[in-house]
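In: show me how the following folds:
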Amino acid sequence: MEDNWSKYGFSSSMGPKLRKLVQIQLVDELNSLLGMSFEFDFDWSESCIEGHDGMFLDGSLENYSGIILIDKQASIKADGWMDFIQEGDFFLAYWDQITVWQNDRELFSKDFGISSYAFALVPEELRWHLKEVKKH
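Out: Alright, predicted model coming up:
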């Protein structure tokens, strides 16, 4: 197996299918929070594990901090922590915390907690164990 440490940091244990799913879900949530539609490149090289782990699809993952995003025009940049919910076949990655800049000025910040966007995607029978909902 290829050593992807310099490219993926601690997230190197995610397989291609899992990484693609996580990135799609995180971008969808961020675009919803921003009320805009951007395509982002992910930089996982500084990702760091924060304790909550699981296995899904073709790899394992944890709730990572140090995730960097850059839009295709390099004017929007973001960094944050992701978390995820995994119960049986249900899987959802979401931003636990994220800050977004546009041309080096803070555009948006979401503190720790699940957003109302992500919360609405969780099946009702799984919502009982979720912590405080942050409305953004």
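
In: contacts for stretch 54-62?
Out: Identification of contacts with stretch 54-62 by Cβ atoms under 8 Å, 6 or more residues apart in numbering yields 10-11, 13-19, 21-22, 49-53, 84, 86, 91. Placement of C-beta: from N, CA and C, glycine included.

In: can we see that at 10 Å?
Out: In this structure, residues lying in contact with stretch 54-62 by Cβ atoms under 10 Å, 6 or more residues apart in numbering are 10-22, 47-53, 63, 82-87, 89-91, 93.

In: whichever helix or strand residue 79 is part of packs against which elements?
Out: Using DSSP states H and E, residue 79 maps to strand 76-87. When contacts are defined as 3 or more Cβ pairs under 10 Å, 6 or more residues apart in numbering; DSSP states H and E, strand 76-87 packs onto helix 16-34, strand 40-43, strand 48-56, strand 59-65, strand 67-71, strand 90-102, strand 105-110, helix 116-121.

In: redo that, cut-off 8 Å
Out: On a contact count with 3 or more Cβ pairs under 8 Å, 6 or more residues apart in numbering; DSSP states H and E, strand 76-87 meets helix 16-34, strand 48-56, strand 59-65, strand 67-71, strand 90-102.

In: hmm, back to that, now that we have the contacts of stretch 54-62, which of them are buried?
Out: 10-14, 18-19, 21-22, 47, 49-50, 63, 82-86, 91, 93 (16 or more other Cβ atoms under 10 Å).

In: what pairs with the closest residue to residue 108 other than its chain neighbours across the strands?
Out: Computed as Cβ to Cβ, 6 or more residues apart in numbering, the closest residue to residue 108 that is not its neighbour in sequence is residue 100, at 4.3 Å. Listed by DSSP bridges, the beta-bridge partners for residue 100 are residue 78, residue 108.

In: distance check, residue 100 against residue 71.
Out: Here the distance between residue 100 and residue 71 works out to 10 Å (Cβ to Cβ, to the nearest Å).

In: out of those two, which sits in the busier spot?
Out: residue 100 (21 against 16; other Cβ atoms under 10 Å).

In: and the pLDDT for residue 134?
Out: Residue 134 carries a pLDDT value of 47.

In: in this structure residue 7 contacts residue 42, no?
Out: No. The pair residue 7 and residue 42 fails to qualify as a contact (Cβ atoms under 8 Å) at a distance of 10.2 Å.

In: great, nothing more from me.
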